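> what shape does this take:
(chains A, B, C and D)
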2 protein chains.
Amino acid sequence: MAAPKIAPPLSNAVTHILLALARRDLHGYGIMQEIAAISGGEYKLGPGTLYDNLKTLLASGVVTEFTEKNVPGEARRLYHLTDSGAVVLDAELKRLRNVVQAGRKRLPRIGEAQ
Amino acid sequence: MAAPKIAPPLSNAVTHILLALARRDLHGYGIMQEIAAISGGEYKLGPGTLYDNLKTLLASGVVTEFTEKNVPGEARRLYHLTDSGAVVLDAELKRLRNVVQAGRKRLPRIGEAQ
DNA sequence: TGACGATATATCGGATTCCGATATATCGTA
DNA sequence: TACGATATATCGGAATCCGATATATCGTCA
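Take a look at the predicted model:
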């Protein structure tokens, strides 16, 4: 089973997971919180979406997982964005920037205020 | 059956369809071409995704449909982005701009060239 | 005339993805 | 010890994606 290739266009879920991990390693729960924080609550994902996607991301090598040491209860897993993951995220951000630019060119300004 | 509400976060498919219609009315085939053109071929959608989504977009009022007149063969349907559709697209573009900004803040610069 | 490629609309069905509901368990603290 | 927050995980239904396929028209070129 070939590892699924992760490449733009990414789903919203994948984009946000990679984005959350770009600053620092996080465990699952932390990813959910970080995503909510980044988007001001506009984008949220539940555990179903998160773990579905983490599975795919791990298999394709854009994210790695390791167990945090020195923790009594053990079993807190940290997720880490790999170099190849950063490249994928970078490509996706470039794509999104183009989308935004195209949109700003095409859409008459709405709610210019603020 | 309540019309499904279209609101951010939009899927990539919906975002691109609305974007294609932002400049001018298009028929289905034209939407596909416009999307490929806007994205430089990076994002494409087939007729399945297109008509699935058009159905939903029509039902929720962000897009309307009308038949082009004065055409011998008849039956070329044009799709039009409504005001409410423009508002939705605008909101989505704002969201995406925030995503891009957050990413640029978090990602170490890759491939700075160009 | 006939063939061809591009244009144009549409549906089907399998695969993928989404994502809330639910279930555990631990941790800090009051 | 009770509680809320933290943390991980799975399930299954729903929604979405999207290529394959089918049909028909149009222009054009031999």
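> show me what counts as buried in the worst-scoring helix or strand of chain A on mean pLDDT.
Lowest by mean pLDDT, DSSP states H and E among the helices and strands of chain A is strand A:63-67, with a mean of 88. Burial within strand A:63-67, assessed by neighbour count using 16 or more other C-beta atoms under 10 Å in any protein chain shown, is assigned to A:Val63. To be clear about C-beta, it is placed using only N, CA and C from the backbone, and glycine gets the same treatment.
> so how far is it off the chain centroid?
Centroid separation for strand A:63-67 versus its chain: 15 Å, with C-alpha atoms, centre = their mean, to the nearest Å.
> that one pairs with which strands?
Note on strand A:63-67: by DSSP bridges, its sheet partners are strand A:77-81 (antiparallel).
> name the next helix or strand following the partner strand along the chain.
helix A:83-106 (DSSP states H and E).
> that following helix: how far from the chain's middle?
13 Å.
> need the residues of chain A near DNA strand D, please.
Within chain A, the positions near DNA strand D by C-beta under 7 Å from any atom of the strand are A:27-30, A:33, A:46-48, A:51-52, A:75-78.
> can you tell me if the least confident helix or strand of chain A touches DNA strand C.
No: Strand A:63-67 lies out of reach of DNA strand C by C-beta under 7 Å from any atom of the strand, never closer than 13.3 Å.
> repeat that for stretch A:30-39.
No: between stretch A:30-39 and DNA strand C, judged by C-beta under 7 Å from any atom of the strand, nothing touches; the nearest distance is 9.7 Å.
> picking that back up, looking at the residues of chain A next to DNA strand D, which is nearest B:Gly85?
Taking C-beta to C-beta as the measure, B:Gly85 lies nearest A:Gly46 of the residues of chain A next to DNA strand D, at 28.0 Å.
> so what's that closest one up against?
Applying C-beta atoms under 8 Å, 6 or more residues apart in numbering or on different chains to A:Gly46 gives the contacts A:Met32.
> what of A:Ile6?
So A:Ile6 contacts A:Val14, A:Thr56, A:Leu57, A:Ser60, A:Val62, A:Gly85, A:Val88 (C-beta under 8 Å, 6+ apart).
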